[in-house]
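Chemist: Whatever this is, show me its structure:
(2 chains)
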Amino acid sequence: MSDAVLDTLTRQEYPHGFVTDIDTDVIPAGLSEDVVRLISNKKGEPEWLLDWRLKAYRHWLTMVEPKWARVTYPPIDYQKIVYYAAPRSSKEGAPKSLADVEPELLAMYEKLGVPLKEREILAGVAVDAVIDSVSVATTFKEKLASVGIIFCSFSEAVREHPDLVKKYLGSVVPSSDNFFAALNAAVFSDGSFCFIPKGVRCPMELSTYFRINQADTGQFERTLIVAEQGAVVSYLEGCTAPKRDTNQLHAAVVELVALDDAQIKYSTVQNWYPGDREGKGGIYNFVTKRGKCAGRNSRISWTQVETGSAITWKYPSCILLGDGSVGAFYSVALTNNYQQADTGTKMIHIGKNTRSTIVSKGISAGHGQNTYRGAVTIMKNAEGARNYSQCDSLLIGDQCGAHTFPYIEVKNSSATLEHEASTSKIGEDQLFYCRQRGLSAEDAVSLIVNGFAKRVLKELPMEFAVEAQKLLGVSLEGSVG
Amino acid sequence: MNLLEITNLHASIEEDGHEILKGINLVIRPGEVHALMGPNGSGKSTLAHVLSGRPGYVVTQGSARFLGMDLLAMPAEMRAREGIFLAFQYPVEIPGVSNTYFLRTAVNTVRKHRGQPELDAIDFLALLDEKAKLVEMEETLLNRSVNEGFSGGEKKRNEVLQMAVLDPKLAILDETDSGLDIDALRVAASGVNALRDGARGMLVITHYQRLLDYIIPDFVHVLSDGKIVKSGDKNLAKELEAKGYSWIEKEPPATASAVAGAAAR
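Modeler: A predicted model of the protein is given here:
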């Protein structure tokens, strides 16, 4: 009965599924040491970085793809993926200012709702725009530089700030960490780099906007954010890709480092192409994100709204090394049609009096499969550690699934852990109640889902919270049981 | 024009085809308050659900017109926007959605449909404040999630509050008295009474006569096995209280036309 009501919801196409015609420098598909060398060479990298890549590549060859996640997909042929694609105009190095950026690119971002120019002037959000393998534009660089903040593409950081990159690259996610992280370390092409010096509070939101445009390319970006003593930064990433029948791989790595009293807030609105209603196409989003609270009383919080991708495999985690450090993970993961998500977090308590909070909200509709997988580890010396976990699942229709795998490992008896979990279903009752008050079925579903996810959405920076709310509504249109 | 005109209405449960309503005839004119009584399982709540458009029922015969419109052809939300309000027997919880936000969304949807300008936050809060006094609703309840963690009495008062704010033309109260203690019942009833304005029609569904001590109906109907078997004035309710429903069920059922005539008197 409720299915019939949900069935009346209109069907909406993925709005970002267009392809932009850009002259692109693409290398042939396939992976080998030569390809790793070629990528490094194209980027004019120093010897140490090439060595780092090659070491990662050789290690990757010895590894096998992880199979423990509750997702299924046909085997990936890593020789059929293109590992480097760049808009040709940016070959000469990153543009100095927006004036140097190709108009087609600016128009593309405009169409995606990320108008680089307007953002620069009106919104006060600094944006690093990454298309396929390279960063094409970074706004507000000069203004940020005036307070000592470095915000640039990863390639530029390697050229201009090699010591910082060398010091922190791989310090949180080693190149041998896992299969996809090792692959990324070997072939990563670009990404964002951000450094907030001691005592500086970043005066604006920083954001990176990732876009896959080229067919058959993988996107392997790397983000590194370092907040020195007492520094504070809020960072947001967004992602979209064209509609294609084939699956595309996105294997990114994000590393965060927070020193004493520093705070990093990292928010993601992930809207990669999810595939069509029959489950054809879509992005495989296999991402490693980890933050290290290296200093005393440092804080790292991850907030993610995951609505896109055919398959999501990601576990933004916190290593709570410094005494009194605090980690948080707030997540909304939505799977509709044939999407699969296996996502969660790891909170590793090492320092004394470390605290962590996990709030996970999974929403499954259509044939979507949504898994929360989380680990809370309290190490031997983590005196007085505390964790609070809450995992809630919301089901829409009767063809979808929700699964929860919380792992807890405690090696110190002074720890306090709380875990709450619930599973509920959008019932005919809730829908009818809203409709009897005059709301349309679409508005009712959107209202109920947003209410369910509210605890997480309120962690997002204000303007993105509004965007995320709309996205949840749109992603559920056409959801059937 | 009649507010509501139900003619020979038959309805079954969609899933198993079991017929619940077996030929209902009822007319409600503007300003009238009708009480619908009857034993458990007689079809009282089903009638409320069919009139408000709840999925899960099939109308097999008959009609229901609301201000001349074919009510049964309209989806639930259109019926609500046109002015039909159902106070739920079991109000539903919506976690994470504040009562105020929910109600404002509903009011503005209805206002938009009626061609009235939408209320901004300030005007809406003024309206809400005024109506909340009718049902002695504390401000804290307005900011909590819809019905979440509300006591039985608070939920029912919240229903009456929503009714006051949405200003319907026809209000159907489905066992608003169930689960209420005497004080809560008095508050809910006085809220309902404040909304009697000579134009708004009400269909008050109840199992017990008790509620009708507070909301004095113009007409009382007794439903038994899917049909209205007896209609009368408020004294019928008192008689029922004294003699029980078995007294009615033993009598031969009234003919449909006689009942319709009584109701339309």
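
Chemist: And the helices in chain B?
Modeler: With helices called from DSSP state H, chain B shows them at B:44-52, B:76-82, B:99-113, B:121-134, B:139-143, B:152-166, B:182-194, B:234-243, B:246-250, B:256-263.

Chemist: The stretch 51-200 of chain A too?
Modeler: A:103-111, A:116-118, A:141-145, A:154-160, A:162-168, A:179-187 (DSSP state H, counting those that start in this stretch).

Chemist: Looking at the helices of chain B, which is nearest to A:Ser364?
Modeler: Checking these against A:Ser364 by CB to CB gives helix B:99-113 as the closest, at 23.9 Å. Heads up, the C-betas are built off the backbone N, CA and C, glycines and all.

Chemist: Could I get the full set of strands for the stretch 151-300 of chain A?
Modeler: Assigned by DSSP state E, counting those that start in this stretch, the strands in the stretch 151-300 of chain A fall at A:192-196, A:205-211, A:222-227, A:232-240, A:247-250, A:253-258, A:263-270, A:282-293, A:299-306.

Chemist: Out of the helices of the stretch 51-200 of chain A, which one sits most buried?
Modeler: Among the helices of the stretch 51-200 of chain A, helix A:179-187 has the highest mean neighbour count (mean count of other CB atoms under 10 Å in any protein chain shown), at a mean of 25.

Chemist: on that earlier part again, including mean pLDDT and mean neighbour count, could the helices of chain B go into JSON lines?
Modeler: Output for those, formatted as JSON lines (pLDDT from 0 to 100; neighbours: other CB atoms under 10 Å in any protein chain shown):
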{"stretch": "helix B:44-52", "mean pLDDT": "95", "mean neighbour count": "23"}
{"stretch": "helix B:76-82", "mean pLDDT": "96", "mean neighbour count": "23"}
{"stretch": "helix B:99-113", "mean pLDDT": "93", "mean neighbour count": "20"}
{"stretch": "helix B:121-134", "mean pLDDT": "89", "mean neighbour count": "15"}
{"stretch": "helix B:139-143", "mean pLDDT": "84", "mean neighbour count": "13"}
{"stretch": "helix B:152-166", "mean pLDDT": "91", "mean neighbour count": "23"}
{"stretch": "helix B:182-194", "mean pLDDT": "87", "mean neighbour count": "18"}
{"stretch": "helix B:234-243", "mean pLDDT": "85", "mean neighbour count": "16"}
{"stretch": "helix B:246-250", "mean pLDDT": "72", "mean neighbour count": "13"}
{"stretch": "helix B:256-263", "mean pLDDT": "45", "mean neighbour count": "17"}
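
Chemist: export those to JSON lines and tack on distance to A:Arg290?
Modeler: Output for the helices of chain B, formatted as JSON lines (distance: least, CB to CB, whole Å):
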{"stretch": "helix B:44-52", "distance to A:Arg290": "52"}
{"stretch": "helix B:76-82", "distance to A:Arg290": "46"}
{"stretch": "helix B:99-113", "distance to A:Arg290": "37"}
{"stretch": "helix B:121-134", "distance to A:Arg290": "42"}
{"stretch": "helix B:139-143", "distance to A:Arg290": "38"}
{"stretch": "helix B:152-166", "distance to A:Arg290": "46"}
{"stretch": "helix B:182-194", "distance to A:Arg290": "54"}
{"stretch": "helix B:234-243", "distance to A:Arg290": "70"}
{"stretch": "helix B:246-250", "distance to A:Arg290": "72"}
{"stretch": "helix B:256-263", "distance to A:Arg290": "72"}
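
Chemist: now those helices in a markdown table, with distance to chain A?
Modeler: Formatted as a markdown table, the helices of chain B follow (distance: least, CB to the nearest CB, whole Å):
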| stretch | distance to chain A |
| --- | --- |
| helix B:44-52 | 6 |
| helix B:76-82 | 4 |
| helix B:99-113 | 4 |
| helix B:121-134 | 14 |
| helix B:139-143 | 13 |
| helix B:152-166 | 7 |
| helix B:182-194 | 17 |
| helix B:234-243 | 27 |
| helix B:246-250 | 30 |
| helix B:256-263 | 25 |
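
Chemist: Against B:Pro168, how distant is the closest residue to B:Leu125 other than its chain neighbours?
Modeler: In this structure, B:Leu125 finds its nearest non-sequential neighbour in B:Thr100, 7.6 Å apart by CB to CB, 6 or more residues apart in numbering or on different chains. Per CB to CB, to the nearest Å, B:Thr100 is found 19 Å from B:Pro168.

Chemist: Same check on B:Ala35?
Modeler: According to CB to CB, B:Ala35 and B:Pro168 sit 18 Å apart.

Chemist: Looking at those two, which is more packed in?
Modeler: B:Ala35 (25 against 22; other CB atoms under 10 Å in any protein chain shown).

Chemist: For that one, which non-adjacent residue is closest in space?
Modeler: Looking at B:Ala35 with CB to CB, 6+ apart, the closest residue is B:Pro217, at 3.9 Å.

Chemist: Enumerate every residue touching the one you found.
Modeler: B:33-35, B:204, B:233-234, B:237 (CB atoms under 8 Å, 6 or more residues apart in numbering or on different chains).

Chemist: Mind checking which of the residues you listed land in strands?
Modeler: Counting by DSSP state E, those place B:33-35, B:204 in strands.

Chemist: Those residues, buried ones only, as a PyMOL selection?
Modeler: For the buried members of the ones in strands among the contacts of B:Pro217, the matching PyMOL selection, counting by 16 or more other CB atoms under 10 Å in any protein chain shown, is:
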select buried, chain B and resi 33+34+35+204
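
Chemist: Out of the ones in strands among the contacts of B:Pro217, the closest to chain A would be?
Modeler: Closest approach to chain A among the ones in strands among the contacts of B:Pro217 (CB to the nearest CB): B:Val204, at 17.2 Å.

Chemist: what sits opposite that closest one in the beta ladder?
Modeler: Per DSSP bridges, the residues bridged to B:Val204 are B:Ala35, B:Leu173.

Chemist: Surely the residue nearest to B:Leu125 touches B:Thr140?
Modeler: No - counting by CB atoms under 8 Å, B:Thr140 is not a contact partner of B:Thr100; they are 11.2 Å apart.

Chemist: count of residues packed around residue 43?
Modeler: In the absence of a named chain, chain A is used. Counted with other CB under 10 Å, A:Lys43 comes out at 21.

Chemist: ah, no, chain B please
Modeler: The number of residues near B:Gly43, taken as other CB under 10 Å, comes to 23.

Chemist: Does A:Val445 lie in a helix or a strand, and which?
Modeler: helix A:441-457 (DSSP states H and E).

Chemist: where in the stretch 201-350 of chain A is pLDDT low?
Modeler: Where the stretch 201-350 of chain A drops to pLDDT under 70, the residues are A:212-216, A:239-245.

Chemist: In it, which residue sits closest to chain B?
Modeler: Closest point on the stretch 201-350 of chain A to chain B, by CB to the nearest CB, is A:Val332, at 11.5 Å.

Chemist: Over to that residue. Which of the three states is it?
Modeler: Following DSSP: H, G, I helix; E, B strand; the rest coil, the label given to A:Val332 is strand.

Chemist: residues in contact with it?
Modeler: Applying CB under 8 Å, 6+ apart, the residues contacting A:Val332 are A:304-306, A:361-363, A:453, A:456-457, A:468, A:472.
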